[in-house]
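Peer 1: Provided below for reference: sequence and predicted model.
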Protein chains: 2
Amino acid sequence: MSPSKVNSKKVFVDHATEPLVTGPTAYKPDFERYERDWVPLIKSYLAAREEALPKEYLVPSELLPEGDLDTADFDATTVPEKVMDAEDFAITELTATEIAKKIKDKDLTAVKVITAFIKRATIAHQLTNCAMEILFDYGLARAKELDEYYETTGETVGPLHGVPLSLKEHYSFAGRVTHGSYVAALADVTPEFSVTNQIMYDLGCVFYIRTTQPQCLMHLDSYNNITGRGRNPYKLKMSPGGSSSGEGALIGMKGSPLGIGSDIGGSIRTPAAFNGIWGLKPSTKRLSMAGCFFPARDTFAEIIGCVLGPMANSPEDLELFMENYMSLEPWMKDQHCVAMPWKKVESPKPEELTIGICYDDGVVKPHPPNIRALKIVKEKLKAAGVNVVTWEPHKVYEAAEIAANSYTSDGNYAAVTRLAESGEPLAPLTEHYLAMGKGDTGLTTLETQFYNYSREKLRQEYLDLFNSRSVDFVIAPTYVGVAPKPHEVKYWGYTSLWNILDYTCVTFPTGIKADKKLDPEDKEYTPRNEYEDYEYGLYDADAADGLPIGLTLAGRRYTEEAALKASKVIADALAA
Amino acid sequence: MSPSKVNSKKVFVDHATEPLVTGPTAYKPDFERYERDWVPLIKSYLAAREEALPKEYLVPSELLPEGDLDTADFDATTVPEKVMDAEDFAITELTATEIAKKIKDKDLTAVKVITAFIKRATIAHQLTNCAMEILFDYGLARAKELDEYYETTGETVGPLHGVPLSLKEHYSFAGRVTHGSYVAALADVTPEFSVTNQIMYDLGCVFYIRTTQPQCLMHLDSYNNITGRGRNPYKLKMSPGGSSSGEGALIGMKGSPLGIGSDIGGSIRTPAAFNGIWGLKPSTKRLSMAGCFFPARDTFAEIIGCVLGPMANSPEDLELFMENYMSLEPWMKDQHCVAMPWKKVESPKPEELTIGICYDDGVVKPHPPNIRALKIVKEKLKAAGVNVVTWEPHKVYEAAEIAANSYTSDGNYAAVTRLAESGEPLAPLTEHYLAMGKGDTGLTTLETQFYNYSREKLRQEYLDLFNSRSVDFVIAPTYVGVAPKPHEVKYWGYTSLWNILDYTCVTFPTGIKADKKLDPEDKEYTPRNEYEDYEYGLYDADAADGLPIGLTLAGRRYTEEAALKASKVIADALAA
């Protein structure tokens, strides 16, 4: 009487005997087919991007560094002020919250705003290679419509009327190709907006640029076979992080006031930290992922969950995004979202907050700049009246093992299937990702259920620890160091821990920068394990010098409201 | 650099090569070992239960049916009034809400209340075999403490101060054995209350009885090897449903005003429907399951989720339970719970409600009494002003296939491991359960991920349907018929559909009973499939005659607040 036996009608396809397509040891790029069938498509995709870039806004060559931008030891964040006129520059220095208010108050028009951001985004892209697709004409047309609507009706279309919003390419854009950095999807037009894009559209945002992400969306770095690598605004030769690489660089350049990233292992947080901006990684199922590109066509792995979240230049803007987004009840559109309205939460007084500081996760010791920053932050928080305690790490190695096995639980069936459709070559960090956990075989069902169990157990241990230690939030490194060199980052433990726990995270800029004099290399340090041997060894005081240090505030699941309020207390304490 | 390769330290056990212990075709009971090692334990467990039963409250033999209770065509619900004194009887006719108020107002004491319920529960158990463990002395002692506390401090310990609460045995009880109907666990003492038990204790409830459930907790019926079968209060020879069998029968007999059931496929709802009471199956993760007995020791399957929910004799009591439970923030105790406070929701006016009525799920046509009840309910709702539409079923067969495969995704590894520890024989419906889906082999990882995907897709289709049809709730049969004979029910589709969707369900008594004159058998009906051939064929007008008909109101995920308000509108309409 079991359904699969009772009826001859076969409802579903059969995955019982399907062989697992396996990871990097088995995947063989097909260079010939790739060159023949797909490279032309890449070229035409890039030509369209080049075509859409307004040459009149480009940085004149005398303001550019000499030689290859990819190897330039050059701080691009100072360029826009030199190139842009004062009024446009001033507009792009505004927060999204200020922009929304000024448009509503008729101090600015949507066209005026988007024009200024188009100029700055052009500079940002020229310097950092952050754009996957340039939609400036689309943005201008939309802004014009919004202005006309406001003029005619006297009403804004929504609380974010006219606010420019940058979008990682990952999310379906109506009538455009959405490929998730898989070359094989380069001709796949998505007819509708993703649910989240539609919500932001309905709130009045102006879309004008789609930003880059790495191959498979699974590096804490930026390289893909379509647009190549991205560059860090603060030092072009360094990485902008990833996978929301373009968002990080673009918002870091203030070529966008507000954007949306996605994160399953650090993909909002490392670009936020490496580019000196703010990013919120909410707990899963608050923001809709429906209509995002996934390589899987008819399978869904759920040991670990991916999330979307806003990236911006202020905590107020993250709150603006979340509060308005939630007001449109995403759970009535996407069944995967939990029916959890945005809660009104009072700002805590500093003395009402207890924050644990994690100086070391027990697996990889942070690089000297990050430890120095943690100590400064501790002192500033204490000075502001916050209760600060030291957070002893708990089973981070185990969490990293659960995470690694979750990413490749299907033996890379979905990812490798898509890669094989174009035969595209693997980036070094794709090889790293595909080899995580049991990437070559996948998990058995009992192993999957074992990691589910281990994850649940770890979450309970963390909740118990947060309770017994009376800690509201933990401040920890976002990564062991500041922005690294390209193709380098392999240890995700500082971020993937919070994905496994599904904790709310706010990555924030400390205002502190790495300093080769204050943060010398420690050649004497003896690594505790192979992770540390590699990742601690990446520290290069010269390369790190001058790069911003972003830390991450992490709190219990579904504490987005309280975490953003606490973030403001921290921002105030750091500014004091 | 993947965690499983980077370090020789082995953090976790390895489920990669562990052979799947398989389902009914492979499981061989070990009768000799079972008889020798475990039957004595069962006997002593039952002797303790017998010892704890107060003989002075038993029904005198002249009021009992002749012959074996298990085959008696006897309505036991009329017995308590004949046996109990008027005051005790009146107390047991109160709702939990009324009891809480009367104790707070000092119109009643906790001892007075629990004494009355002990008397009625004794009768209920004598007639229906609903008690797994009798804890009347424990309940009396607790009630006495509560009275003294109130007397001394002038304050109640919580909003449910003194309210008797019956508990399915499934939930850990501090210092008692918790076995989940697995014989092999008959000596396993759980040191602490489950999280939910603790919450209810903290709210002031008085525990006094733990109730029965079937083998493996996976029948919509009652048989286990420890206490045998349960009986339906309205006709002893019929089934009380399951798996919250004892709760259904006990509350149906009003031997408890309020109890807690658990449900992964119909286990709150069928006992509610078959015993003429109310039951709420919330969406997953609102009530804590932490500390419930699960056969799995280090694996966690999550294609489908199990939930706890209240069972009672009124919708107000379900609300009383939920609102107070949520006030203690279960998510701060059990990480698995979502941080979703109980929402204040206004009662809708009848004309503000649109309800779809499902007369047939497209797989198994309901038996004649249930179809008649649906039509009466439709007319009464219309008369009350509710908007009523016909709900066309959607992919219920597919939902049943997903559910069946989810129950046995591990190839019965966990259940069969535990069964094998005692070698206990399988009940017929355990064989049915173990054979569901791919019970003999388990799913591959890709199959698991395929069913995850299929479930997500179906949920989206249902949300879209609820939206496009502008339906707030659906009223559907809880099962194809009224209470069936023991060992009969195999089709779970009317309930498991809502588990797969994770929708909120309120099962309610219609006040309508099966009537052999009004509900003749339809011998001409041609079944559409094997499910229907079997399950529709179970209808026996004589056996069904006089049994209560309970239907189920189902709404979108996490609409518990609104569903309970809507339930009251329905209750009022049905009472009119």
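Peer 2: Okay, I see it. Residues are numbered from 1 along each chain as shown, chains lettered A, B, ... in the order given.

Peer 1: Just checking stretch A:256-269 against chain B, any contact.
Peer 2: No. Using C-beta under 8 Å from any C-beta of the partner chain, stretch A:256-269 stays clear of chain B, coming no nearer than 12.5 Å. The C-beta positions use only the backbone N, C-alpha and C, and glycine is treated the same way.

Peer 1: start to end distance for stretch A:530-550?
Peer 2: 25 Å (C-alpha to C-alpha, to the nearest Å).

Peer 1: With stretch A:355-370 instead?
Peer 2: 17 Å.

Peer 1: Helix or strand next in line after the lengthiest strand in chain A, which one?
Peer 2: In chain A, assigned by DSSP state E, the strand with the most residues is strand A:504-513. Downstream of strand A:504-513, the next assigned helix or strand under DSSP states H and E is helix A:530-535.

Peer 1: could you give me the average pLDDT of that following helix?
Peer 2: The average pLDDT within helix A:530-535 is 96.

Peer 1: and the next element down the chain from that helix?
Peer 2: Helix A:530-535 is succeeded, C-terminally, by helix A:541-544 (DSSP H and E).

Peer 1: what's that following helix packed up against?
Peer 2: Helix A:541-544 is packed against no helix or strand, with contacts defined by 3 or more C-beta pairs under 8 Å, 6 or more residues apart in numbering or on different chains; DSSP states H and E.

Peer 1: list the contacts for A:L429?
Peer 2: Shown in contact with A:L429 (C-beta atoms under 8 Å, 6 or more residues apart in numbering or on different chains): A:214-215, A:218-221, A:223, A:487, A:489-490.

Peer 1: picking that back up, how about the longest strand of chain A as PDB, C-alpha atoms only?
Peer 2: Only the C-alpha atoms of strand A:504-513 are listed here, as PDB (Å, rounded to 0.1, in the frame of the first residue of the first chain):
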ATOM      1  CA  THR A 504      22.000  36.500  12.300                       C
ATOM      2  CA  CYS A 505      25.200  38.400  11.300                       C
ATOM      3  CA  VAL A 506      25.900  42.000  10.700                       C
ATOM      4  CA  THR A 507      29.300  42.700   9.200                       C
ATOM      5  CA  PHE A 508      30.500  46.200  10.000                       C
ATOM      6  CA  PRO A 509      33.500  48.400   9.100                       C
ATOM      7  CA  THR A 510      35.600  49.200  12.200                       C
ATOM      8  CA  GLY A 511      37.200  52.300  10.700                       C
ATOM      9  CA  ILE A 512      40.500  50.600  11.500                       C
ATOM     10  CA  LYS A 513      42.900  49.700   8.700                       C
END
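
Peer 1: Determine how far that strand lies from the middle of the whole chain.
Peer 2: 14 Å (C-alpha atoms, centre = their mean, to the nearest Å).

Peer 1: Strand partners (parallel or antiparallel) of that strand?
Peer 2: Applying DSSP bridges, strand A:504-513 is found paired with strand A:278-281 (antiparallel), strand A:548-555 (antiparallel).

Peer 1: can you tell if the biggest helix by length in chain A touches chain B?
Peer 2: Counting by DSSP state H, the longest helix found in chain A is helix A:445-468. Yes. In terms of C-beta under 8 Å from any C-beta, part of helix A:445-468 sits within range of chain B, namely A:445-450, A:452-454, A:456, A:459-460, A:462-463, A:467.

Peer 1: buried sites along that helix?
Peer 2: For helix A:445-468, the neighbour count (16 or more other C-beta atoms under 10 Å in any protein chain shown) marks A:445-459, A:462-463, A:465-466 as buried.

Peer 1: Show me what that helix is packed up against.
Peer 2: Looks like helix A:445-468 contacts helix A:396-407, helix A:493-501, helix B:445-468 (3+ C-beta pairs under 8 Å, 6+ apart).

Peer 1: Just checking, which helix or strand succeeds that helix along the chain?
Peer 2: strand A:473-477.

Peer 1: Contacts for that following strand, please.
Peer 2: A:353, A:355-358, A:361, A:366, A:370, A:374, A:377, A:391, A:494, A:551-555, A:563, A:566, A:570.

Peer 1: Listing partners with orientation, what would you give for that strand?
Peer 2: In the sheet, strand A:473-477 lines up with strand A:354-357 (parallel), strand A:548-555 (antiparallel) (DSSP bridges).

Peer 1: what ranges do the strands span in the stretch 51-200 of chain A?
Peer 2: A:131-134, A:164-168, A:176-177, A:189-190 (DSSP state E, counting those that start in this stretch).

Peer 1: picking that back up, looking at the strands paired with strand A:473-477, which one is packed in the most?
Peer 2: Stretch with highest mean neighbour count among these: strand A:548-555 (a mean of 26; mean count of other C-beta atoms under 10 Å in any protein chain shown).

Peer 1: what's the following helix or strand after that one?
Peer 2: Next along the chain after strand A:548-555, taking DSSP H and E as the criterion, comes helix A:560-575.

Peer 1: what does that following helix contact?
Peer 2: Contacts for helix A:560-575 (C-beta under 8 Å, 6+ apart): A:278, A:280, A:282-283, A:286, A:314-316, A:318-319, A:322, A:342-350, A:353, A:355, A:377, A:380-381, A:383-384, A:386, A:472-473, A:475, A:504-506, A:508, A:510-511, A:553, A:555.

Peer 1: if we go to 7 Å?
Peer 2: A:280, A:282, A:286, A:315, A:318-319, A:322, A:342-343, A:345, A:347-348, A:350, A:353, A:377, A:380-381, A:384, A:386, A:472-473, A:504, A:506, A:508, A:510-511, A:553, A:555 (C-beta atoms under 7 Å, 6 or more residues apart in numbering or on different chains).

Peer 1: For that helix, buried residues please.
Peer 2: A:560-571, A:573-574.

Peer 1: Stretch A:244-258 now?
Peer 2: Buried residues in stretch A:244-258, counted by 16+ other C-beta under 10 Å: A:244-258.

Peer 1: Tell me the one of these nearest B:D410?
Peer 2: A:S244 (36.3 Å; C-beta to C-beta).

Peer 1: Tell me which of the strands paired with strand A:504-513 lies nearest to B:K523.
Peer 2: Of all the strands paired with strand A:504-513, strand A:278-281 comes closest under C-beta to C-beta, at 61.9 Å.

Peer 1: Name the residues that touch that closest one?
Peer 2: A:261, A:263, A:268-269, A:272, A:307, A:309-315, A:318, A:498, A:505-509, A:560.

Peer 1: next helix or strand past that strand?
Peer 2: Next element after strand A:278-281 (DSSP H and E): strand A:307-312.

Peer 1: ok, A:P368 - contacts?
Peer 2: A:519-520, A:522, A:539 are the contacts of A:P368 under C-beta under 7 Å, 6+ apart.

Peer 1: For it, give its distance to chain B.
Peer 2: To chain B, A:P368 is 22 Å away according to C-beta to the nearest C-beta, to the nearest Å.

Peer 1: A:E51 too?
Peer 2: Per C-beta to the nearest C-beta, A:E51 is found 37 Å from chain B.

Peer 1: What pLDDT is listed against that residue?
Peer 2: 98.

Peer 1: Skip the chain neighbours and tell me the closest residue to A:K333.
Peer 2: Nearest non-adjacent residue to A:K333, counting by C-beta to C-beta, 6 or more residues apart in numbering or on different chains: A:V195, 5.1 Å away.
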